[in-house]
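Undergrad: got a structure for you, letters missing:
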């Protein structure tokens, strides 16, 4: 799987949009971008994934650049419960297993 | 619709002992993966089971073994426990064709 680069930590004010960047410059054409988050001491929670097109669901939006070398996860109205470690993962379509990095610690403050 | 469940939630063992952790996949899922998460690190892939066979394996020693039952539930066994095996052990399941993994709450193992 291609490696990803994420900032170690980010801050966001409650009610504002949280934009979490991820670089994956070595991504292959058939590899997906996945986002998970992990609230302290809980199992990772699936958020969203995409291949080429932007994606949106009830939790977040995923914006993938045209060259697919980077992406941004957007939480439109962050709440205190969104405080977590966010993992950006590039996954081969051949295998469902995930290679986690250290992720971004997002702190949402009042 | 039950999600992925794991048991026990917490476990304390001593060095040299053996441990068995259990996982029930999400309803409709037939593939189970196990991950180890040390403190402050991201989860690391141990192995994956499909149709009762180990389908993929990460970089873990043979002390780590597993099993999948006909009802798709799975066990992770660790022999000759080391202090460094202390971690959160996560189980994830997927519907084979869908491939998105869903994680359970984990089992916290402490080796003394």
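TA: Yes, it's here. Since the structure is predicted, the reported quantities are computational estimates derived from the model, not experimental observations. Numbering: from 1, shown residues only, chains lettered A, B, ... in the order given.
Undergrad: in chain B, which residue sits nearest chain A?
TA: residue B:42 (3.2 Å; C-beta to the nearest C-beta). All C-beta atoms are positioned from the backbone trio N, CA, C, and that covers glycine.
Undergrad: which residue ranges form the helices in chain B?
TA: Defined through DSSP state H, the helices belonging to chain B form an empty list.
Undergrad: can you tell if the lowest-mean-pLDDT helix or strand in chain B touches chain A?
TA: In chain B, no helix or strand scores lower on mean pLDDT, DSSP states H and E than strand B:53-57, which sits at a mean of 92. Yes: for a cut-off given as C-beta under 8 Å from any C-beta of the partner chain, strand B:53-57 has contacts with chain A, namely residue B:56.
Undergrad: mind listing what that strand pairs with, with the direction of each?
TA: When sheet partners are counted by DSSP bridges, strand B:53-57 sits next to strand B:44-50 (antiparallel).
Undergrad: run the chain-centre distance for the strand it pairs with.
TA: Here the centre of strand B:44-50 is set off from its chain's centre by 7 Å, with C-alpha atoms, centre = their mean, to the nearest Å.
Undergrad: then stretch B:29-41?
TA: Shown here is stretch B:29-41, whose average C-alpha point lies 6 Å from the average C-alpha point of the whole chain (C-alpha atoms, centre = their mean).
Undergrad: residues of it that come out buried?
TA: B:29-37 (16 or more other C-beta atoms under 10 Å in any protein chain shown).
Undergrad: just give the nearest non-adjacent residue to the residue most central in space within chain B, would you?
TA: In chain B, the C-alpha nearest the mean C-alpha coordinate belongs to residue B:34, at 3.3 Å (C-alpha atoms, centre = their mean). Once its chain neighbours are removed from consideration, residue B:34 has its nearest residue in residue B:46; the separation is 4.3 Å (C-beta to C-beta, 6 or more residues apart in numbering or on different chains).
Undergrad: so what's the gap between the least confident helix or strand of chain B and the chain middle?
TA: Distance of strand B:53-57 from the chain centroid (C-alpha atoms, centre = their mean) equals 12 Å.
Undergrad: the residue in chain A that chain B sits nearest to: neighbour count?
TA: Relative to chain B, the nearest point of chain A is residue A:100 (3.2 Å; C-beta to the nearest C-beta). Neighbour count of residue A:100, defined by other C-beta atoms under 10 Å in any protein chain shown: 20.
Undergrad: quick revisit: pretty sure the residue nearest to the centre of chain B sits against residue B:78.
TA: No: no contact is recorded between residue B:34 and residue B:78 when judged using C-beta atoms under 8 Å, the distance being 10.2 Å.
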